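Visitor: build me a structure from this.
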Amino acid sequence: MSRVVVGMSGGVDSSVAAYLLKEQGHDVIGVTMQIWQEEDACSIEENGGCCGLSAVEDARRVASELGIPYYVMNFKKEFREHVIDYFTAEYLHGRTPNPCIACNRYVKWEALLARSMAIGADYIATGHYARVERLPNGRYAVRRSATLSKDQTYALYNLTQEQLKRTLMPVGGYAKEEIRGIAEKIGLPVADKPDSQDICFVPDGDYASFIEDVAERQSGQKLPRGSFVTRDGRILGQHKGIIHYTVGQRKGLGLALGYPAFVLEIRPDTNEVVIGTYEESLTYTVRAEKMNFMSEADLPEPRSVFAKIRYNHKGARCTVRRDGEDAVVCQFEEPQRAVTPGQALVLYDGEYVLGGGTIV
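Guide: Purely as a prediction, here's the structure:
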């Protein structure tokens, strides 16, 4: 019998994951990761998603129903360093980060796995819609979930072989409706709980104000306004500060140019936001660095793969090749819109994640 620590967010997916693992005969321990930064109870209560006190209470109730031990572990330091500080710094440098990818790699896996191993666990488990499999070549990879509409493999591309070796994802073979059905059948109190949609540490969705507050606390200065410009340097108007914009953005620009305008580029060095047409926002070529290979150890020669350039991207075919020690270049068959620095390029070999990196 294996001992499994299940990361419980208080939601239906991780709750059913714990139930399924117990039914399979594992020695299951439920853990909620304390990652909120405020010490004030009222502020903590307002946090949504997987961070707030309500998540702890929901997870505790589920653990009680399932008859499994339950603990809250403090990961505030790791979350601050690897997620919040990274998120803020990326926006200030004109990039658009995906905080869930950083949280998965360094907090939900690296930190939780280390602490779980320390208490004698064999595996950690989550409620992600993905599957972990060992391939004939001996490597571990995440495989797309049974329901593509809920597939979460994009945000898991950066996990290491050692992390995957110690990971179980029991809900990846089910549809969301099936998971809710299981929860209802066994009477879990979170069966109808809605999914969390926002960035968990910015529950009101106003990430720009969050970053402004952090930056002002660190430097004592407000972030400056700057110019909207064309690629050839013509000034079109004033922007509110680069953190308010992301590549591909169309709405909220406040520009009346007589044609649909899109953000093409963010230039932190000159505090400029480059504006252009839809056609100018298209590109065939994407370069990514800080590569993590998963289903295979490397990419020795160019090959045709399926790739996604953001979480809700439907994906497209491209030819990928190595470009230096830690980077790849993808040449897409069809032009892609709004390729955004800071987001992830994730490569798929069939249903399995081949690897991925950060778009530059």
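
Visitor: and Gly355, helix, strand or coil?
Guide: Put simply, Gly355 is strand when judged by DSSP: H, G, I helix; E, B strand; the rest coil.

Visitor: so what's Thr270 closest to, chain neighbours aside?
Guide: Leaving aside its sequence neighbours, Thr270 sits nearest to Gly226 (CB to CB, 6 or more residues apart in numbering; 7.6 Å). C-beta here means a position set from N, CA and C on the backbone, and glycine is covered the same way.

Visitor: ok, that neighbour - how many residues close by?
Guide: Residues lying near Gly226 (other CB atoms under 10 Å) number 18.

Visitor: any low-confidence regions in this structure?
Guide: Where the chain drops to pLDDT under 70, the residues are 37-53, 197-198.

Visitor: for the residue nearest in space to the middle of it, what are its contacts?
Guide: Nearest to the geometric centre of the chain sits Cys100, at 2.6 Å (CA atoms, centre = their mean). Shown in contact with Cys100 (CB atoms under 8 Å, 6 or more residues apart in numbering): Ala155.

Visitor: quick one: it is in a strand?
Guide: No. Going by three-state DSSP, the assignment for Cys100 is helix, not a strand.

Visitor: show me what the strand or helix carrying Gln336 is packed up against.
Guide: Element membership of Gln336 [criterion: DSSP states H and E] is strand 327-337. In terms of contacts (3 or more CB pairs under 8 Å, 6 or more residues apart in numbering; DSSP states H and E), strand 327-337 is packed against strand 282-293, strand 303-308, strand 316-322, strand 344-349.

Visitor: for the first one, name the packing helices and strands.
Guide: If you count contacts as 3+ CB pairs under 8 Å, 6+ apart, strand 282-293 packs onto strand 327-337, strand 344-349, strand 352-359.

Visitor: at 7 Å what do you get?
Guide: strand 327-337, strand 352-359 (3 or more CB pairs under 7 Å, 6 or more residues apart in numbering; DSSP states H and E).

Visitor: list the buried residues in it.
Guide: 286-288, 291-293 (16 or more other CB atoms under 10 Å).

Visitor: what about the helices in the protein?
Guide: For the chain, the helices defined by DSSP state H cover 12-23, 41-46, 53-66, 76-79, 85-92, 99-103, 112-118, 161-165, 176-185, 207-219.

Visitor: got those helices as JSON lines, with distance to Lys251 columns?
Guide: Putting the helices of the chain into JSON lines (distance: least, CB to CB, whole Å) gives the following:
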{"stretch": "helix 12-23", "distance to Lys251": "31"}
{"stretch": "helix 41-46", "distance to Lys251": "27"}
{"stretch": "helix 53-66", "distance to Lys251": "31"}
{"stretch": "helix 76-79", "distance to Lys251": "30"}
{"stretch": "helix 85-92", "distance to Lys251": "18"}
{"stretch": "helix 99-103", "distance to Lys251": "22"}
{"stretch": "helix 112-118", "distance to Lys251": "37"}
{"stretch": "helix 161-165", "distance to Lys251": "38"}
{"stretch": "helix 176-185", "distance to Lys251": "29"}
{"stretch": "helix 207-219", "distance to Lys251": "14"}
